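Novice: got a sequence here, can you model it:
(chains A and B)
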There are 2 protein chains.
Amino acid sequence: MNNQWSVIGPKYRVLDCTIRDGGLINDHQFSLEFVRAVYNANVSAGIDYMEIGYKNSRNMFSVETNGCWKFCQEEDLRRAVGENPSKIKLSCMIDAAKSDWKTDVLPKQQSPLDMIRVAFYDYQIEEALQMIDDAFNKGYEVSANLMAVTTVEEKTLDSILERLCKSPVSVFVIVDSFGFISLAQMEYLTRKYVAYASSVQKEVGVHAHNNMQLAYANTLTAARLGATRLDATIGGLGRGAGNCPMELLAGSINPSNYDLRPIYHCLENHVFPLREKIEWGPYPEFNMTGQNNVHPRAAIAARKNPDTRDRYTSFYDNLKGQSKAKN
Amino acid sequence: MNNQWSVIGPKYRVLDCTIRDGGLINDHQFSLEFVRAVYNANVSAGIDYMEIGYKNSRNMFSVETNGCWKFCQEEDLRRAVGENPSKIKLSCMIDAAKSDWKTDVLPKQQSPLDMIRVAFYDYQIEEALQMIDDAFNKGYEVSANLMAVTTVEEKTLDSILERLCKSPVSVFVIVDSFGFISLAQMEYLTRKYVAYASSVQKEVGVHAHNNMQLAYANTLTAARLGATRLDATIGGLGRGAGNCPMELLAGSINPSNYDLRPIYHCLENHVFPLREKIEWGPYPEFNMTGQNNVHPRAAIAARKNPDTRDRYTSFYDNLKGQSKAKN
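Specialist: Okay, the predicted model is just below:
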């Protein structure tokens, strides 16, 4: 149901990355049943894209301790979704310096995948450009996901965006790895990314984190300023503070296009029950790492230990101490 | 610590309503120790205002089942804060049709209170204007809090704002009782309220709810467009989905003015432990009532009963059924 405050437009595409980003909490140890449930929910809801995992290197990461969605071999993808007879497009992420992309990304004809998203830090731009070319030449739609953009210097960011403009990527994604981006900065970054992208008929995406309870708000903000590829996860499942919740996003971006019932059904029966074993959400420790623009790893560690979880004062003091020592 | 994306300006005032709004969950059954802890945290943090409760009618509401912060008699206020020797200003809310304001609001000289906030629905505007005059004549700063603004027709809203312009209130507050307001609507409402208020040298405030994880984002949005009186509660404590969390707001509105440590300390030692008995937060049931612009009472009821809590699919079906039946 649209209301007059919904964000409406034919160009928006919503991408579910529940398995890919959520897997960062549990080493991608999701059952086949769980992955199928998320896929079926997305298909029934009318979600546009689903990112089903990483193609990380089986030489660098243990195949014993990590679930198969960290590697996304085609045989595993097919066990979950067959040849993907639905309209949803399937995506997989490859990390610079952590994947054997030359061999592990198969030609598109041999894979149920439609899109490859290349994740990289600013200093990895050379490899990222090679990865983009490789995936494009193999027949995929390609997305460039520059991580931790809030730690990248302005000049470096401009230079990277210029180089991406000349590459065959279709999409640049604004990635708020540290959950630091405020509404004002999201406006600024979206305008910048859109200015570059629109000059060469590319699109802008957004991948927000919820450290300061701004994942949904930042995604809406970017969408209103021209970002058209919007990431979310069911229940906000994701490392640390989690992501933009799909049930909120699909309720306000072209809401007539999406059926929220399968999302809520999957949340109730599959995602929510995970809370017995893993946690995610904007706990105060994540507020603090977000506000200070640092990686949430200290917050994740504090919350894992019952002696330090919810000890906000000492966490605050430690963070301030580190910040002073750094300056 | 300011960063370049903070919202900075001499005019902003932050109001803590942890006791007043949080008390809607537990019939204001807060211990004296708890109220003092919140007061001390606010004073140490440099928060500008604290709303300590309601002056509701002792004839209409049971003094046995409700805590004293529902009535805020001056003797109870003094037990908590003495004569309030600090710089923080103290506020109390009075509800139209639920308070004996003529007798229960004492002349300011006889009270530690500085501000009276008048809460009313659109159809109660006549009584609200009388309450405003009364409180102003008794020496208080007065705020007009029109509740559930998302259910008020445009013409009615304009007429109410026009009448408030001619009254002695200092502040009009945008109150998102149902947690329905999206960023676009908050922009629209803020512009409207500010246009009225600024023409008569009054200020605009915002009181957001977190049903769609937008309380903080909407408060920031309003602030950037000229709202200067900003409500929050420690840990977001508040009925249903809760409120804008103070630890987030005071970290981004003139952050150099506020010390977050006492807030996190109070959150850890006083507010967080309440979770053993009461819950609040943007649970999916509140997402749904928020998205549908209805009062969260159905969501509150569903979450109180272990048989219906976290049964999102049936809650969704019920809400859709009611919505269809209505149309």
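
Novice: CA only for contacts and neighbour counts going forward, please
Specialist: Will do.

Novice: just the helices in the stretch 51-200 of chain A please.
Specialist: Applying DSSP state H, counting those that start in this stretch to the stretch 51-200 of chain A gives helices spanning A:74-81, A:101-104, A:125-137, A:154-166, A:183-198.

Novice: out of these, nearest to A:Trp5?
Specialist: helix A:183-198 (17.8 Å; Cα to Cα).

Novice: pLDDT of the closest one, averaged?
Specialist: The pLDDT scores in helix A:183-198 average 97.

Novice: in that helix, what's buried?
Specialist: A:183-187, A:189-191, A:193-194, A:196-197 (16 or more other Cα atoms under 10 Å in any protein chain shown).

Novice: what helices or strands is it leaning on?
Specialist: Under the contact criterion of 3 or more Cα pairs under 8 Å, 6 or more residues apart in numbering or on different chains; DSSP states H and E, helix A:183-198 touches helix A:154-166, strand A:171-175, strand A:203-207, helix A:215-224, helix B:215-224.

Novice: thinking again about what came up before, now, which of the buried residues of helix A:183-198 sits nearest B:Pro245?
Specialist: Checking the buried residues of helix A:183-198 against B:Pro245 by Cα to Cα gives A:Leu183 as the nearest, at 16.2 Å.

Novice: tell me the contacts of that closest one?
Specialist: Counting by Cα atoms under 8 Å, 6 or more residues apart in numbering or on different chains, A:Leu183 touches A:214, A:217-218, A:221, B:217, B:220-221.

Novice: among the residues you listed, which ones are buried?
Specialist: Counted by 16+ other Cα under 10 Å, those give A:214, A:217-218, A:221, B:217, B:220-221 as buried.

Novice: out of these, who's nearest B:Pro107?
Specialist: Using Cα to Cα, the buried ones among the contacts of A:Leu183 come closest to B:Pro107 at B:Leu220, 34.6 Å.

Novice: quick one: the helices in the stretch 201-327 of chain A, in order.
Specialist: A:215-224, A:246-249, A:260-266, A:284-291, A:297-304, A:312-326.

Novice: quick one: A:Lys138 from chain B, how far?
Specialist: Going from A:Lys138 to chain B by Cα to the nearest Cα, to the nearest Å gives 40 Å.

Novice: so what's that residue closest to, chain neighbours aside?
Specialist: Ranked by Cα to Cα, 6 or more residues apart in numbering or on different chains and with sequence neighbours excluded, the top spatial neighbour of A:Lys138 is A:Pro107, at 4.6 Å.

Novice: please look at the one you found and A:Gly139 and confirm they touch.
Specialist: Yes: A:Pro107 is within contact range of A:Gly139, at 6.5 Å (criterion: Cα atoms under 8 Å).

Novice: now A:Gly240. Nearest residue, chain neighbours left out?
Specialist: The shortest distance from A:Gly240 to any non-neighbouring residue, by Cα to Cα, 6+ apart, is to A:Trp280 (5.3 Å).

Novice: surely the one you found touches A:Gly242?
Specialist: Yes: A:Trp280 is within contact range of A:Gly242, at 5.6 Å (criterion: Cα under 8 Å).

Novice: what is in contact with the two at once?
Specialist: By Cα under 8 Å, 6+ apart, no residue touches both A:Trp280 and A:Gly242.

Novice: neighbour count winner among the two?
Specialist: Just comparing A:Trp280 and A:Gly242: by other Cα atoms under 10 Å in any protein chain shown the higher neighbour count belongs to A:Gly242, 29 against 22.

Novice: list phi and psi for the more buried one.
Specialist: Dihedral pair for A:Gly242: phi 90, psi -170, per degrees, to the nearest 10.

Novice: near chain B, which residues of chain A show up?
Specialist: Listed as neighbours of chain B in chain A under the rule Cα under 8 Å from any Cα of the partner chain: A:5, A:182-185, A:212-214, A:216-217, A:220-221, A:248, A:251, A:261, A:264-265, A:267-268, A:287, A:291, A:310-313, A:316.

Novice: list buried residues within these.
Specialist: Buried subset of these (neighbour count, 16+ other Cα under 10 Å): A:182-185, A:212-214, A:216-217, A:220-221, A:248, A:251, A:261, A:264-265, A:267-268, A:287, A:291, A:310-313, A:316.

Novice: ok, back up a step: and the buried residues of helix A:183-198, which is closest to B:Ile52?
Specialist: Using Cα to Cα, A:Leu183 comes nearest to B:Ile52 of the buried residues of helix A:183-198, at 30.5 Å.

Novice: can you tell me how far the closest one is from A:Thr219?
Specialist: Computed as Cα to Cα, to the nearest Å, the A:Leu183 to A:Thr219 distance reads 10 Å.
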